[in-house]
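S.K.: Fold the following, please.
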Amino acid sequence: MKVTFRLPLVILSMAALLAALWAGLIRLGWTVPAWQPGLAIAHGPLMVCGFLGTLISLERAVSLNHRLTYLVPLITGIGGVCLWAGISGGAPLITLGSLGLVTLFGLMLRRHLALHTGIMALGAALWLAGNLVWLSGRPLHQVSLWWAGFLILTIAGERLELSRILRPPRRVQQAFALIVILILAGLTASLWTYDVAMRVSGLGFLALAGWLLRYDIARRTVRQRGLTRYIAVCLLSGYFWLGAGGLLALIIGGAPAGVYYDAILHAWFLGFVFAMIFGHAPIIFPAILNRPIRYRPFFYLPLLLLHLSLLLRLPGDLTLWLPGRRWGGLLNAIVLLLFLFNIALSLRLPAVPPENT
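M.R.: Numbering: from 1, shown residues only. Model (predicted):
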């Protein structure tokens, strides 16, 4: 597939990201114009579905390398446009796209049946399930838990694939499977009792963070140099936020809105997920765009600022210090823009991405 066909799909996902950042500023109380009344509410769906869902679907389509597979990110990308433009039909299109992603993983399982591909396919199924819950009219705080499961298990499956190099014993793989079962139990409970669901899921995510910190290959690659070390630092720091969010969910429980809810979700979606994106972007974007990337030590600056912005925002949430929350959120948005600029600039210069990171 020609790169020129993939580029518009990347643009669709980036448009959803930029709209999500703008909507987030509105939710934080910054005085910025909203071009449609539902933009602030669309912050979460834009970030998870319009941006991340489209990008993950595009990555899978590239790996399968068939023209029809690109319909999946196209559908979710158009769904994202509907969300930020205030046009009806965004949620149904995104749900259809998530069904397409499940189909793509089904094709992958036919080619290679393994635990890690099964976990990633399960993550896609959680996205579909969450979107169906969304369509049913359930509140977004219930839906967001399913979306967290989608992203976290997708990433965990990718890391499990690379951990095979270390040949973990059977009991370690069984522990991973038990953690996934615990997470699934928590997500399913959200259909009846949100408080129990949040605490059980939080315990599962906390346990998963511990597993990744102990058994991920990043523990070894962090001792290397250059891009390989940078990726490992991103991963290990992200596992901290996964665990922190899990611990907060376990202690706080079912906060359906407000500052505590904000702290839990942004520890997962921003601290964990975007640390993973920072680390994997030097591999994913060159694969999608067929352009090499040049690693520079400057890569560490957006990562450092991401963690500092969260260390301002989350304590602001937990202590009801609203200026810290607002300025931390603004810095979150600036950091993500800085990261995108850095990746775009680095794609112009050649480099070879490392293996086994």
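S.K.: Could you report the neighbour count for the residue nearest to Gly243 when sequence neighbours are not counted?
M.R.: Nearest non-adjacent residue to Gly243, counting by Cβ to Cβ, 6 or more residues apart in numbering: Ala209, 3.3 Å away. (C-beta placed from N, C-alpha, C; glycine too.) Using other Cβ atoms under 10 Å, the number of residues around Ala209 comes to 24.
S.K.: which stretch of helix or strand covers Ala209?
M.R.: Of the helices and strands defined by DSSP states H and E, Ala209 is found in helix 194-215.
S.K.: Can you point out the buried residues in that helix?
M.R.: Along helix 194-215, these residues count as buried under the neighbour rule (16 or more other Cβ atoms under 10 Å): 194, 197-213, 215.
S.K.: Likewise for stretch 289-301?
M.R.: Counting neighbours by 16+ other Cβ under 10 Å, the buried set in stretch 289-301 is Leu289, Ile293, Tyr295, Arg296, Phe299.
S.K.: Dump these into a markdown table; add pLDDT and secondary structure as well.
M.R.: Compiled in a markdown table, the buried residues of stretch 289-301 are given as follows (pLDDT from 0 to 100; DSSP: H, G, I helix; E, B strand; the rest coil):
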| residue | pLDDT | secondary structure |
| --- | --- | --- |
| Leu289 | 83 | helix |
| Ile293 | 82 | coil |
| Tyr295 | 85 | coil |
| Arg296 | 87 | coil |
| Phe299 | 92 | helix |
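S.K.: so is Leu320 in a helix, a strand, or just coil?
M.R.: When the structure is reduced to helix, strand and coil (DSSP: H, G, I helix; E, B strand; the rest coil), Leu320 reads as coil.
S.K.: can you give me the helices for the stretch 51-200 of the chain?
M.R.: Assignment of helices within the stretch 51-200 of the chain using DSSP state H, counting those that start in this stretch yields the ranges 54-64, 71-85, 90-111, 115-135, 140-163, 170-189, 194-215.
S.K.: Nearest to Gly29 among those would be which one?
M.R.: Judged by Cβ to Cβ, the one of these that comes nearest to Gly29 is helix 140-163, at 18.8 Å.
S.K.: Can you give the distance from that closest one to the centre of its chain?
M.R.: Taking Cα atoms, centre = their mean, to the nearest Å, the mean C-alpha location of helix 140-163 is offset from the chain mean by 7 Å.
S.K.: And this protein, what are its domain boundaries?
M.R.: Split into domains by automatic domain parsing, the chain comes to 1-113, 114-357.
S.K.: so how far is Ala91 from the residue lying closest to Val102 once chain neighbours are set aside?
M.R.: Setting aside the residues directly before and after it, Val102 is nearest to Ala124 in space (Cβ to Cβ, 6+ apart), at 4.8 Å. The span separating Ala124 from Ala91 equals 17 Å under the rule Cβ to Cβ, to the nearest Å.
S.K.: Can you name the residues that contact Val48?
M.R.: With contacts defined as Cβ atoms under 8 Å, 6 or more residues apart in numbering, the neighbours of Val48 are Ser144, Trp147, Phe150, Leu151, Phe269.
S.K.: Is it in a helix, a strand, or coil?
M.R.: Per three-state DSSP, the local secondary structure of Val48 is helix.
S.K.: which non-adjacent residue is nearest Ala16?
M.R.: Nearest residue to Ala16 in three dimensions, chain neighbours excluded: Gly50, at 2.9 Å (Cβ to Cβ, 6+ apart).
S.K.: residues contacting that neighbour?
M.R.: When contacts are counted by Cβ under 8 Å, 6+ apart, Gly50 is found next to 12-13, 15-17, 19-20, 76-77, 79-81, 83-84, 94.
S.K.: if we go to 7 Å?
M.R.: Ala16, Ala20, Gly79, Gly80, Leu83 (Cβ atoms under 7 Å, 6 or more residues apart in numbering).
S.K.: Likewise for Thr69?
M.R.: Thr69 makes contact with Ala61, Leu104, according to Cβ under 7 Å, 6+ apart.
S.K.: Residue numbering should commence at 59 henceforth.
M.R.: Right, with 59 as the first residue, what we last looked at is Thr127.
S.K.: how close does it sit to Ile346?
M.R.: Counting by Cβ to Cβ, the gap from Thr127 to Ile346 is 13 Å.
S.K.: How about Val68?
M.R.: Between Val68 and Ile346 the distance, using Cβ to Cβ, works out to 7 Å.
S.K.: can you list residues touching both of those two?
M.R.: What both Val68 and Ile346 touch, as defined by Cβ under 7 Å, 6+ apart, is the set Leu116.
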